[in-house]
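S.K.: Whatever this is, show me its structure:
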Amino acid sequence: MLNITSSTIKEHFEDKKFLALNLVENRQTSKTLLRVLTGISVMLFLAVFLPWTQNIRSRGFVTALRPDQRPQTIHSIIAGRIEKWYVQEGDFVKRGDTILFISEVKDEYFDPNLLLRTEQQIKSKELTVDSYIEKVKALDSQIDALLQTRVLKLEQAKNMLLQANLKVQSDSMDLTAVVINLEIAREQFKRGEQMFKEGLKSLTDLESRKLKMQEAEAKKIAQENKLLTSANEVINARIELTSIEAEFRDKISKAESEKYTALSSLYDSEAIVTKMQNQYMNYSVRSGFYYITAPQDGHITKAIQTGIGETIKEGAEIISIMPAEYDLAVEMYVSPIDLPLLKKGSPVRIQFDGWPAVVFSGWPNVSHGTYGGLVFAIDNFISENGKFRVLTVPDPNDHTWPEALRVGAGTNNMALLKDVPIWYELWRQVNGFPPDYYIPVQTKNEMKENR
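M.R.: Below is the predicted model:
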């Protein structure tokens, strides 16, 4: 009761008959509440000294560790028309298995005997090359023959020139002898004429000496004519020598010109043959692109191109495949402010979508349903979302990741940092400070490897 007046009604009824009223009037709540509040305060005070594991929270997804183990799409190298499918979605294929067959859509490849005709063209052009080679050999032989003939002709001409010079010398000596004989005949004629006047010689002797003098003069004239003829032969021999040199130079130059023309045609033909061989190989390799095969063992996940008769462009995506063997990893993204806190080998706790878990971010040891991981790689360049990508691999010393886990599944990740008291973590959160820098403890073997 409120007891706000001096009047009372207790004397008019018996309150002991009312149990609820007795309980309310006899309740001692102040002491109990004080005890409860005191207990809670003590527990909270002690709790702030409990250890708390600092962590970096981030979302991510499951991926494959190596690039060749991640899902990929199969492309068509050439443009074509889909003719037949050999697989369907969900099928398992091995490397080299045929996925589909396409046909040509470009008119320059429509000929079914394209390879055979190209090969025949190559053989014809190779015969042309052989013909030019034989022509070059024939011209080389002709040039060698001309060179040898020129040497012989030049030697012959030089010999003729030498003979002409010797003949000139001989005729010159003969002319000198004839001149001497003429002078002697003239002296004899003068002496005979003097002696004839003195009556010592007869007229017959005088006439005989005169005849000899005239014969000597005739011989002199004949010998001079002979000497001039020999001199002309020397000139003719020199002209012949020059003419032979010029003639063979002209013939050799003409043969070499024909040779170089043949060589030019030969090189052009060889270039054409090489080009045609390259074209033949391109045709041959292109014919192998009609059958699109699996690049590795895996499961067909999705057909991007569908139907029969549909045309596809060069490099178009046709079908996606998931490799059969892969090493799982988790790809997560952290903010630039948290990046310096992560190192290779840092521990990470991972919660996979679809696997129930009870998570205590500050006490990872009491969390259930999470799996251990280690930081495997950290990107050196920021991603398009403004964060840095971090790859995490399974921790060999923790529970094995679920076998049913598939690439692409979502994850909730906690990168574990330093253990601190709860009061320190609350103080850090209130002041907006980053987590403490944590360096994983290296084992002795790791320290030796780093050395």
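S.K.: Pull the number of nearby residues for residue 204.
M.R.: 9 (other CB atoms under 10 Å). Quick note: C-beta positions are derived from backbone N, CA and C, even for glycine.
S.K.: Check the gap between residue 65 and residue 43 for me.
M.R.: 46 Å (CB to CB, to the nearest Å).
S.K.: neighbour count winner among the two?
M.R.: For residue 65 and residue 43, the more surrounded residue by other CB under 10 Å is residue 65, and the numbers stand at 18 against 9.
S.K.: Can you name the residues that contact that one?
M.R.: 326-329, 376, 391, 393 (CB atoms under 8 Å, 6 or more residues apart in numbering).
S.K.: what do you get for residue 289?
M.R.: 76-78 are the contacts of residue 289 under CB under 8 Å, 6+ apart.
S.K.: Whichever of the residues you listed end up buried, select them in ChimeraX.
M.R.: The ChimeraX selection below is limited to those of the contacts of residue 289 classed as buried (16 or more other CB atoms under 10 Å):
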select :76,78
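S.K.: Quick check: of the contacts of residue 289, which lies closest to residue 287?
M.R.: residue 78 (9.9 Å; CB to CB).
S.K.: Residue 412 is in what secondary structure piece?
M.R.: Using DSSP states H and E, residue 412 falls within strand 410-421.
S.K.: Direction included, what does the helix or strand harbouring residue 372 pair against?
M.R.: Assigned by DSSP H and E, residue 372 belongs to strand 371-378. Here strand 371-378 has these sheet partners by DSSP bridges: strand 347-352 (antiparallel), strand 388-394 (antiparallel).
S.K.: hey, which of those is tucked in deepest?
M.R.: Burial of the strands paired with strand 371-378 is given as mean neighbour count (mean count of other CB atoms under 10 Å); strand 347-352 ranks first at a mean of 23.
S.K.: quick check: mean pLDDT across stretch 165-182?
M.R.: Mean pLDDT, stretch 165-182: 83.
S.K.: Name the surrounding residues that touch it.
M.R.: Residues from elsewhere that reach stretch 165-182 (CB under 8 Å, 6+ apart): 213, 216-217, 219-220, 223-224, 226-227, 229-231, 233-234.
S.K.: Which residues belonging to it are considered buried?
M.R.: Neighbour-count burial for stretch 165-182 [16+ other CB under 10 Å]: 165, 167-168, 171-172, 174-175, 178-179, 181-182.
S.K.: got the contact list for the nearest residue to residue 106 once chain neighbours are set aside?
M.R.: The shortest distance from residue 106 to any non-neighbouring residue, by CB to CB, 6 or more residues apart in numbering, is to residue 79 (6.7 Å). Contacts for residue 79 (CB under 8 Å, 6+ apart) come out as 105-106, 311-314.
S.K.: The same query, at a cut-off of 7 Å, please.
M.R.: 105-106, 312-314 (CB atoms under 7 Å, 6 or more residues apart in numbering).
S.K.: Mark which of those are buried, thanks.
M.R.: Applying 16+ other CB under 10 Å to the contacts of residue 79 flags residue 312 as buried.
S.K.: Show me which pair in the contacts of residue 79 is furthest apart.
M.R.: 106 and 312 (12.7 Å).
S.K.: on that earlier part again, now the strand holding residue 372, how far from the chain's geometric center?
M.R.: 34 Å (CA atoms, centre = their mean, to the nearest Å).
S.K.: in that strand, what counts as buried?
M.R.: Going by 16+ other CB under 10 Å, strand 371-378 has these buried residues: 371-376.
S.K.: same question, stretch 310-323
M.R.: 312, 318-323.
S.K.: That stretch - what's its average pLDDT?
M.R.: Throughout stretch 310-323, pLDDT has a mean value of 90.
S.K.: send the alpha carbons of that stretch over as PDB?
M.R.: The C-alpha trace of stretch 310-323 is given here as PDB (Å, rounded to 0.1, in the frame of the first residue of the first chain):
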ATOM      1  CA  GLU A 310      24.200 -22.100 -87.400                       C
ATOM      2  CA  THR A 311      27.200 -20.100 -88.600                       C
ATOM      3  CA  ILE A 312      29.900 -19.000 -86.200                       C
ATOM      4  CA  LYS A 313      32.600 -16.500 -86.600                       C
ATOM      5  CA  GLU A 314      36.400 -16.800 -86.200                       C
ATOM      6  CA  GLY A 315      37.300 -17.000 -82.500                       C
ATOM      7  CA  ALA A 316      33.600 -17.400 -81.400                       C
ATOM      8  CA  GLU A 317      32.900 -19.100 -78.100                       C
ATOM      9  CA  ILE A 318      31.200 -22.500 -78.700                       C
ATOM     10  CA  ILE A 319      31.100 -24.400 -75.500                       C
ATOM     11  CA  SER A 320      32.500 -24.200 -71.900                       C
ATOM     12  CA  ILE A 321      34.400 -27.000 -70.200                       C
ATOM     13  CA  MET A 322      35.400 -27.600 -66.600                       C
ATOM     14  CA  PRO A 323      38.700 -29.500 -66.200                       C
END
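S.K.: Do a quick rundown of the strands in the protein.
M.R.: 51-64, 72-75, 80-85, 92-93, 98-103, 291-293, 298-303, 311-312, 317-323, 328-334, 347-352, 371-378, 388-394, 410-421 (DSSP state E).
S.K.: could I get these as TSV with distance to residue 117?
M.R.: Output for these, formatted as TSV (distance: least, CB to CB, whole Å):
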stretch	distance to residue 117
strand 51-64	47
strand 72-75	30
strand 80-85	21
strand 92-93	36
strand 98-103	19
strand 291-293	23
strand 298-303	36
strand 311-312	26
strand 317-323	30
strand 328-334	53
strand 347-352	60
strand 371-378	54
strand 388-394	54
strand 410-421	58
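S.K.: So for residue 112, which of those strands sits nearest?
M.R.: strand 98-103 (11.1 Å).
S.K.: Adjacent strands (with direction) for that closest one?
M.R.: strand 80-85 (antiparallel), strand 291-293 (antiparallel).
S.K.: can you pull the buried residues of it?
M.R.: Result for strand 98-103 [16+ other CB under 10 Å]: buried residues 99-100, 102.
S.K.: Residue ranges in the protein under the pLDDT threshold?
M.R.: Scanning the chain for pLDDT under 70 picks out the ranges 1-33, 45-55, 201, 357-369, 416-451.
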